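Undergrad: Provided below for reference: sequence and predicted model.
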Amino acid sequence: MSEAGWRPPPETAHLRVPSVTEWEMEMRDAADLRPAPLPGVEMTFTLAGLPSPDVNRALYATVGARVCWTDRFPWTYEQWRAWVERPELSTWIAMAEGTIAGFFEIEAQPGGDTEIHLVGLTPAFVGRGYGGYLVEQCTRRAWQRGELWALSGGPATRVWLRTSSLDHPNAIANYRRRGFKVAAESTASKLVPDPRVAPWPLPRDPRAASRRHEEEELIT
């Protein structure tokens, strides 16, 4: 069977991860943002002026499949379209070395709250020192709400995001280094769709790696 037609066996389509910790992190002052080291090559950031459900869905799968971004996999085209075409949502595409290096989604919420929904690198750029700079530039643009984007939404008063133990192992430390602080924490089981169904088969199931990490912590 070709990779294009690959689907996981029914018994692996969903996996209940018994202990997923989720953190809500926040930054309440733009002055708290700490710069990251510059990457080895220039990165540019472009606001998507024409909302595209196709582009956001493709980037969501490409960037997120390896770190269990799976909550949106069941979304229909119309759900994606309704999500990206809202004026309060901005999508930014990061470019480096002539290709897409990553992206982020930011939402202007009532009362000045500004949520970073997604921020991540494409696989070719992971582990090369780009992550901290991507988060820094994403956060800067979140604080520039009302200036660069969401022009009628007023200024940002708080920038916040969610991350979890299913995300990249360095994610929470990266956010802390940029100046984010944990505002809330919770742990519960979670039924996670198989991330290998999109965009193509992955070399391993990242959910299983998360479970192995938990087991190793229990042993030590």
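TA: Cool, got the structure.
Undergrad: now the residue most central in space within the chain, what's its secondary structure?
TA: Nearest residue to the geometric centre of the chain (C-alpha atoms, centre = their mean): Leu118, 3.0 Å. Under DSSP: H, G, I helix; E, B strand; the rest coil, Leu118 falls in the strand class.
Undergrad: Who are the contact partners of it?
TA: Contact partners of Leu118, counting by C-beta atoms under 8 Å, 6 or more residues apart in numbering, are Tyr60, Val63, Gly64, Trp69, Phe103, Phe104, Glu105. Backbone N, C-alpha and C define where each C-beta goes, glycine included.
Undergrad: and the residue lying closest to Leu134 once chain neighbours are set aside, backbone torsions?
TA: Counting by C-beta to C-beta, 6 or more residues apart in numbering, Gly102 is the residue found nearest to Leu134 once chain neighbours are left out, at 5.2 Å. Reported as degrees, to the nearest 10, the phi and psi values for Gly102 are phi 170, psi -170.
Undergrad: wouldn't Gly102 be in contact with Val126 here?
TA: No: Gly102 lies out of contact with Val126 (C-beta atoms under 8 Å); the separation is 9.1 Å.
Undergrad: about what we covered before: kindly provide the distance from the residue nearest to Leu134 to Gly131.
TA: 8 Å (C-beta to C-beta, to the nearest Å).
Undergrad: So which of those two has more stuff around it?
TA: Gly102 (28 against 22; other C-beta atoms under 10 Å).
Undergrad: tell me the contacts of the residue nearest to Leu134?
TA: Going by C-beta under 8 Å, 6+ apart, Gly102 touches Val63, Ile93, Ala94, Val119, Gly120, Leu121, Thr122, Phe125, Tyr130, Leu134.
Undergrad: in the sheet, who's paired with the closest residue to Met27 other than its chain neighbours?
TA: Distance criterion C-beta to C-beta, 6+ apart; nearest residue to Met27, sequence neighbours excluded, is Val159 at 4.7 Å. Residues in a beta bridge with Val159, per DSSP bridges, are Met27, Thr114.
Undergrad: How far away from the center of its chain is stretch 145-159?
TA: On the basis of C-alpha atoms, centre = their mean, to the nearest Å, stretch 145-159 is displaced by 20 Å from the centre of the chain it belongs to.
Undergrad: Please work out which residues outside it touch it.
TA: By C-beta under 8 Å, 6+ apart, stretch 145-159 touches 26-28, 30, 47, 87-88, 90, 106, 108, 111-116, 139, 141-144.
Undergrad: buried ones in stretch 19-26?
TA: The neighbour-count check on stretch 19-26 (16 or more other C-beta atoms under 10 Å) flags Val20, Glu22, Trp23, Met25, Glu26 as buried.
Undergrad: again with stretch 44-62
TA: Buried residues in stretch 44-62, counting neighbours by 16+ other C-beta under 10 Å, are found at Phe45, Ala48, Pro51, Pro53, Val55, Asn56, Arg57, Leu59, Tyr60, Ala61, Thr62.
Undergrad: re the thing from before, out of the contacts of Leu118, which one sits closest to Thr187?
TA: Thr187 lies nearest to Trp69 out of those, by C-beta to C-beta, at 19.2 Å.
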